[in-house]
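Asks: here's a sequence, model it:
(one chain, ligands or ions: 1)
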Amino acid sequence: MAVVEFQKVSKQYVAGQMPAVDSLDLSCNEGEMLALLGPSGCGKSSTLKMAAGLEDLTSGEIFFDGRPISALPPAQRNVAMVFEDYCLYPNLSVEDNIGFPLTVQRVAADELDRRVSEITAMLGLEAIRKQSVRDLSGGAQQRVSIGRALIREPDLVLFDEPLSHLDGDQRVYLRSEISRLQKSRGLTSILVTHDQNEATAMADRIAILDGGKLQQVATPRELYLRPANIFVANFIGEPPMNLLEARIEDGKTIDIGVPGLALTLSSQRSKVVESRRSGGLVVGVRPEHVSVLPANSHDANAWLSYREPRGDVDVLTLTIEGPVPLKLVAEIDGPSSYRVNDRLRVDILADHVHLFDPESQANLEAAGGVQ
Ligand SMILES: Nc1ncnc2c1ncn2[C@@H]1O[C@H](COP(=O)(O)OP(=O)(O)OP(=O)(O)O)[C@@H](O)[C@H]1O
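Replies: Numbering: from 1, shown residues only. Okay, the predicted model is just below:
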């Protein structure tokens with residue numbers, strides 16, 4: 001399996017227009033599952049296609065184990081691809097689809113049978129080995145297409161939205177199957193998805209793209225705990241983070257424009273904002289870091305404008321009273337007994353807030369310190 005490295009890779013389809021991929025520096029380690037995640041049009045598929053050789057690079061280079069590969073045709077890259085719509089041969093059986101890449105290479109019949117048997121066993125497809133793929137469910141078809149990808153023992157496996165045509169149960173099942181295979185066989189893999197749950201569940205690291213530019217690459221936990229900028233903060237987490245305009249009152253108090261709801265930072269964190277006394281900042285508050293309690297008339301500071309029960313949690317849209325009423329989304333244990341128009345006491349857990357520069361949008365506490 002290879003280490004894959006993108007160095008200053010750009011892709012511009014139409015001269016004069018914004019590049020689809022803009023000077024991408026990114027690596028995928030040996031045996032790692034790296035997810036490319038971002039909104040539609042952010043450049044995920046273009047990046048994948050350049051690695052596969054299905055699109056040329058406009059500039060930059062891609063390396064497999066230190067070897068530049070952008071001039072190689074797809075067939076010489078030893079890259080396998082798993083597509084969202086399976087791309088199987090409908091008239092062939094499971095075993096003939098899986099063995100197809102070896103048939104093309106004219107591998108001897110006994111070797112072909114041995115390797116097909118290994119792959120069908122690994123994917124739990126032995127019982128349906130002789131069946132036509134046309135008769136299979138979407139999940140089983142996708143397992144066949146994964147088998148066909150792996151039989152060639154590729155240096156890199158590219159998964160292009162592999163689960164997007166599957167429904168609920170099959171999706172969750174295949175997600176765990178792909179992860180199990182990827183880890184047990186040490187497959188260097190790149191996964192394209194627009195589903196953050198899928199990326200978080202399957203990937204060792206996630207690269208977040210927006211407008212063709214890499215925003216951050218990190219483990220799912222790191223993205224959640226220390227988003228590099230406002231885009232990542234807003235993109236990771238559901239419901240999304242609350243983003244509040246704020247000012248620094250003194251060295252450690254942040255005014256979010258609501259009397260009685262100023263945030264006091266720890267002395268360590270207050271160092272970060274000290275240098276920003278004259279300027280504003282953006283405070284990010286995850287919905288799970290908003291505390292909500294029943295209130296009587298003198299300590300209430302908010303009312304409930306909407307409650308969305310989601311089973312084990314409730315998502316509450318709250319209106320905080322102030323000179324300019326402030327909307328805040330909270331996620332609390334559910335089901336709660338709160339009702340729309342209830343008066344409540346709302347507080348923000350100051351130790352958990354994220355602090356961003358409104359101009360550069362960067363996290364003020366990200367590596368490298370104040371921007
Ligand atoms: N063949 C093409 N010719 C011209 N523009 C293209 C072509 N392929 C993609 N683009 C443009 O490049 C940008 C990035 O597209 P790309 O498909 O890589 O993004 P994506 O993140 O994979 O999006 P999606 O999730 O919608 O597939 C988009 O603006 C898209 O319209």
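Asks: next structured bit after the longest helix seen in the chain?
Replies: Taking DSSP state H as the criterion, the chain has its longest helix at helix 168-184. Per DSSP states H and E, the first helix or strand lying C-terminal to helix 168-184 is strand 189-193.
Asks: show me what that following strand is in contact with.
Replies: Strand 189-193 is contacted by residues 4, 28, 32-37, 44-45, 47-48, 51, 156-164, 182, 198-199, 202-203 when judged by C-beta atoms under 8 Å, 6 or more residues apart in numbering. (C-beta placed from N, C-alpha, C; glycine too.)
Asks: so who does the residue of the stretch 151-300 of the chain at minimum distance from the ligand touch?
Replies: Taking C-beta to the nearest ligand atom as the measure, the stretch 151-300 of the chain has residue 194 as its residue closest to the ligand, at 5.2 Å. Counting by C-beta under 8 Å, 6+ apart, residue 194 makes contact with 37, 38, 39, 40, 44, 161.
Asks: is it true that residue 265 touches residue 254?
Replies: Yes - with contact defined as C-beta atoms under 8 Å, residue 265 reaches residue 254; the gap is 6.7 Å.
Asks: for the stretch 101-250 of the chain, what spans make up the helices?
Replies: Secondary structure of the stretch 101-250 of the chain (DSSP state H, counting those that start in this stretch): helices located at 109-122, 138-150, 168-184, 196-202, 220-225, 230-235.
Asks: any chance of those helices in JSON lines, with mean neighbour count and distance to residue 332 too?
Replies: Listed next are these as JSON lines, based on neighbours: other C-beta atoms under 10 Å; distance: least, C-beta to C-beta, whole Å:
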{"stretch": "helix 109-122", "mean neighbour count": "15", "distance to residue 332": "44"}
{"stretch": "helix 138-150", "mean neighbour count": "23", "distance to residue 332": "35"}
{"stretch": "helix 168-184", "mean neighbour count": "15", "distance to residue 332": "25"}
{"stretch": "helix 196-202", "mean neighbour count": "19", "distance to residue 332": "20"}
{"stretch": "helix 220-225", "mean neighbour count": "16", "distance to residue 332": "18"}
{"stretch": "helix 230-235", "mean neighbour count": "21", "distance to residue 332": "21"}
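Asks: just send those back as TSV, with distance to the ligand and mean pLDDT too.
Replies: What follows is these, written out as TSV (distance: least, C-beta to the nearest ligand atom, whole Å; pLDDT from 0 to 100):
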stretch	distance to the ligand	mean pLDDT
helix 109-122	29	94
helix 138-150	18	91
helix 168-184	17	87
helix 196-202	13	93
helix 220-225	18	95
helix 230-235	13	96
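Asks: with distance to residue 353 added, can I get those in a markdown table?
Replies: A markdown table is the format used below for the helices of the stretch 101-250 of the chain (distance: least, C-beta to C-beta, whole Å):
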| stretch | distance to residue 353 |
| --- | --- |
| helix 109-122 | 47 |
| helix 138-150 | 41 |
| helix 168-184 | 32 |
| helix 196-202 | 21 |
| helix 220-225 | 12 |
| helix 230-235 | 11 |
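Asks: out of the ones you listed, which is closest to residue 214?
Replies: Of all the helices of the stretch 101-250 of the chain, helix 230-235 sits nearest to residue 214, with 10.5 Å by C-beta to C-beta.
Asks: starting at the chain centroid, how far to the closest one?
Replies: 11 Å (C-alpha atoms, centre = their mean, to the nearest Å).
Asks: what do you get for stretch 100-113?
Replies: Distance, centroid of stretch 100-113 to centroid of chain: 37 Å (C-alpha atoms, centre = their mean).
Asks: end-to-end on it?
Replies: Distance between the two ends of stretch 100-113: 11 Å, counting by C-alpha to C-alpha, to the nearest Å.
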